[in-house]
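Visitor: sequence-free structure coming up:
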Ligand SMILES: Nc1ncnc2c1ncn2[C@@H]1O[C@H](COP(=O)(O)OP(=O)(O)O)[C@@H](O)[C@H]1O
Ligand SMILES: Nc1ncnc2c1ncn2[C@@H]1O[C@H](COP(=O)(O)OP(=O)(O)O)[C@@H](O)[C@H]1O
């Protein structure tokens, strides 16, 4: 199905941009007239994916975070969050709830939150070259056509 | 001076994205703690530049609008709005207040508004290959360093 | 953007709510012009009290309605304009053609 | 993100306002932990009434404070949590360790 609207946003992996990315995705998703609850789910899932780029992908510096989003006439949004950071060695383990490689205060629940709030979550990763997280959710009522 | 934060947004030249682009620039500029008046100036100027891409640059279809923004430690924001559309034949004439090539309801005041609301407006254009509008404004108080 | 049309003898009021930009201007214009054609008022009031944003597309809208009302021998009044759009209004010179009353939402 | 610390005998309340994410979590954590070290309360109340957003970084914050209070033989209560963060709270199981009272801003 052809997207009715698409956008591409590139930001730096600075923690201040976590909130900026949330604002952007909310403004874009608003075009499908989502409920406040659905919008809240999307910005939370997006926040997890972007935060992972800041905290994990580029843990020893900063790099670019590539966010694309597409709105479909059947009321779906598809969001991709891509980094060219360190990648994930063991994807299955990484996606287990409470698993984290970070010291300190990470809960290890980023992927679990994405999965519980979105309809579909796909993660592709290659150690040393980066990670792409795809988030999908039906957020609006079906339009004609 | 090195930017403290940068972002790059690519959108389609659909009129619904005029409002989206405004939301994005407000969310980004907010990092410099601008006053409401200054924020209003910036989103109005940005709206003019993006609308020109929708109305003029790609008048016979749609194309990509490339928006970049950079925040500087001395409190300036610099925004570039670029299109690969039809370009402007006579730039001097185009920038005159009330001049418009569009039929109907364009006031011919887009550039005049940008110039009155921003500190600096630069336009580069090549007929047949596109236009770049650069908008600059001091929006925050000077930070240390 | 929602437009509500109210009529009184000789007068027609269009109440606008939301962002007035190029995207929203067309449907607003069509609504207002249809109402003008139907009621042929001598005064058109544009109530901007609910306007959250306006750029030069809004000037185009006011200018276009000014021309239309001029043809009918009538006039245009903008009411409750938010002060944030004062700069854009001034710059356009539209305040010499139509009466602009400020005092909208964010004053 | 602003944090206000209020103390009463044996109890310490941290009032949080704004978005609770990875960006804001660190300064909040440092403020709270300094206050805990100083006052050594037996009850830590996290007032989430002003929280406008929370993701799993917020869970990390609550979890970390839970561990710290456990060491002191105390407990953690989250008050006025907005219902929008209920899903994230439930999923984490943190509601089995701390008392979570809903009823915040967007209820
Ligand atoms: N974009 C990424 N790049 C590299 N590693 C990642 C990325 N996203 C997640 N990870 C790895 O997956 C683990 C689990 O992630 P997550 O469930 O979000 O929990 P948390 O972020 O709290 O650690 C992380 O600790 C990290 O090792
Ligand atoms: N991005 C652009 N691409 C091509 N032409 C443009 C572009 N921006 C402006 N122009 C030209 O400059 C003229 C004046 O622009 P402006 O002052 O914004 O007024 P208006 O948009 O109301 O016509 C336009 O009518 C158009 O001919």
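Guide: In hand now; what should we look at? Here the structure is a predicted model, which is why all the values come from computation and not from measurement. Residues are numbered from 1 along each chain as shown, chains lettered A, B, ... in the order given. Ligands and ions are numbered 1, 2, ... in the order given.

Visitor: near chain B, which residues of chain A show up?
Guide: Within reach of chain B by C-beta under 8 Å from any C-beta of the partner chain, chain A has these residues: A:5-12, A:14, A:16-17, A:19-20, A:23-24, A:27-28, A:31. Yep, even glycine has a C-beta here, placed from its N, CA and C like the rest.

Visitor: Emit the PyMOL select command for whichever of those are buried.
Guide: To isolate the buried members of those in PyMOL, using 16 or more other C-beta atoms under 10 Å in any protein chain shown:
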select buried, chain A and resi 5+6+7+8+9+10+11+12+14+17+19+20+23+24+27+28+31
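
Visitor: Okay, buried residues for the longest strand along chain C please.
Guide: When chain C is parsed with DSSP state E, its longest strand is strand C:43-54. Residues of strand C:43-54 classed as buried: C:44, C:45, C:46, C:47, C:48, C:49, C:50, C:51, C:52, C:53, C:54 (neighbour count, 16+ other C-beta under 10 Å).

Visitor: So which elements touch the host helix or strand of residue A:41?
Guide: Using DSSP states H and E, residue A:41 falls within helix A:36-52. Using 3 or more C-beta pairs under 8 Å, 6 or more residues apart in numbering or on different chains; DSSP states H and E, the elements in contact with helix A:36-52 are helix A:16-29, strand A:64-71, strand A:76-83, helix A:110-117, strand A:130-138, strand D:43-54.

Visitor: any chance of these in TSV, with mean pLDDT too?
Guide: TSV is the format used below for those (pLDDT from 0 to 100):
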stretch	mean pLDDT
helix A:16-29	98
strand A:64-71	98
strand A:76-83	98
helix A:110-117	98
strand A:130-138	98
strand D:43-54	97
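
Visitor: Is stretch A:113-124 in proximity to chain D?
Guide: Yes. Contact between stretch A:113-124 and chain D is present through A:113, A:116, A:117 (criterion: C-beta under 8 Å from any C-beta).

Visitor: any bit of the longest helix belonging to chain C sitting next to chain B?
Guide: Ranked by residue count, the top helix of chain C under DSSP state H comes out as helix C:22-39. Yes. Contact of helix C:22-39 with chain B (C-beta under 8 Å from any C-beta) involves C:22, C:23, C:25, C:29.

Visitor: hmm, which two among these are most spread apart?
Guide: Farthest apart among the residues of helix C:22-39 next to chain B by C-beta to C-beta are C:23 and C:29. That separation is 12.1 Å.

Visitor: before we move on, the earlier item: so what's the gap between the helix holding residue A:41 and the chain middle?
Guide: Its chain's C-alpha centre and that of helix A:36-52 lie 7 Å apart, by C-alpha atoms, centre = their mean, to the nearest Å.

Visitor: Over to stretch A:58-67?
Guide: 14 Å.

Visitor: From residue B:111, how far out is the residue most central in space within chain C?
Guide: Among the residues of chain C, residue C:46 comes closest to the average C-alpha position under C-alpha atoms, centre = their mean, at 3.5 Å. As judged by C-beta to C-beta, to the nearest Å, residue C:46 and residue B:111 stand 25 Å apart.

Visitor: next one: residue A:131
Guide: Counting by C-beta to C-beta, the gap from residue A:131 to residue B:111 is 43 Å.

Visitor: repeat for residue A:95
Guide: Distance from residue A:95 to residue B:111, by C-beta to C-beta: 52 Å.

Visitor: neighbour-wise, which of these two wins?
Guide: Legend: neighbour count by other C-beta atoms under 10 Å in any protein chain shown for residue A:95 and residue B:111, higher for residue B:111 (22 against 16).

Visitor: Quick one: residues contacting the more buried one.
Guide: Going by C-beta atoms under 8 Å, 6 or more residues apart in numbering or on different chains, residue B:111 touches B:48, B:94, B:95, B:97, B:121, B:123.

Visitor: wait, what's in contact with residue C:62?
Guide: C:46, C:76, C:78, C:94, C:98 are the contacts of residue C:62 under C-beta under 8 Å, 6+ apart.

Visitor: and if we set it to 6 Å?
Guide: residue C:94 (C-beta atoms under 6 Å, 6 or more residues apart in numbering or on different chains).

Visitor: and it, what are its phi and psi?
Guide: phi -70, psi -40 (degrees, to the nearest 10).

Visitor: and it, how far is that from residue C:19?
Guide: Using C-beta to C-beta, we find residue C:62 at a distance of 15 Å from residue C:19.

Visitor: do residue A:116 as well
Guide: 34 Å.

Visitor: Between those two, point out the one with more neighbours.
Guide: residue C:19 (20 against 17).

Visitor: what's the neighbour count on residue C:32?
Guide: Neighbour tally, residue C:32, other C-beta under 10 Å: 21.

Visitor: Is it correct that it is in contact with residue C:13?
Guide: No. Contact criterion C-beta atoms under 6 Å: residue C:32 and residue C:13 do not qualify, at 10.1 Å.

Visitor: Chain B versus the residue in chain C positioned nearest to ligand 2, what's the distance?
Guide: Proximity to ligand 2, evaluated over chain C using C-beta to the nearest ligand atom, is greatest for residue C:56 at 5.8 Å. From residue C:56 across to chain B, the span is 4 Å (C-beta to the nearest C-beta, to the nearest Å).

Visitor: May I have the residues that are in contact with that residue?
Guide: Contacts for residue C:56 (C-beta under 6 Å, 6+ apart) come out as B:107, B:109, B:110, B:113.

Visitor: Wait, the third one touches residue B:52, no?
Guide: Yes. Taking C-beta under 6 Å as the contact criterion, residue B:110 and residue B:52 are neighbours in contact, 5.5 Å apart.

Visitor: How many residues are close by the closest residue to residue A:37 other than its chain neighbours?
Guide: Here the nearest residue to residue A:37 in space, its sequence neighbours aside, is residue D:84; by C-beta to C-beta, 6 or more residues apart in numbering or on different chains that works out to 7.2 Å. By other C-beta under 10 Å, 23 other residues sit near residue D:84.

Visitor: quick one: residue D:84 is in a strand?
Guide: No. According to DSSP: H, G, I helix; E, B strand; the rest coil, residue D:84 belongs to no strand; its state is helix.

Visitor: Am I right that it is in contact with residue A:40?
Guide: Yes. Contact criterion C-beta under 6 Å: residue D:84 and residue A:40 qualify, at 4.8 Å.

Visitor: shared neighbours of the two, anything?
Guide: In contact with both residue D:84 and residue A:40: no residue, using C-beta under 6 Å, 6+ apart.

Visitor: tell me the residue furthest from the middle of chain C?
Guide: Chain C, farthest from centre, C-alpha atoms, centre = their mean: residue C:9 at 18.6 Å.

Visitor: What distance do you get for it to chain A?
Guide: 39 Å.

Visitor: just residue C:50 next, same as before
Guide: Residue C:50 is 18 Å from chain A, by C-beta to the nearest C-beta.
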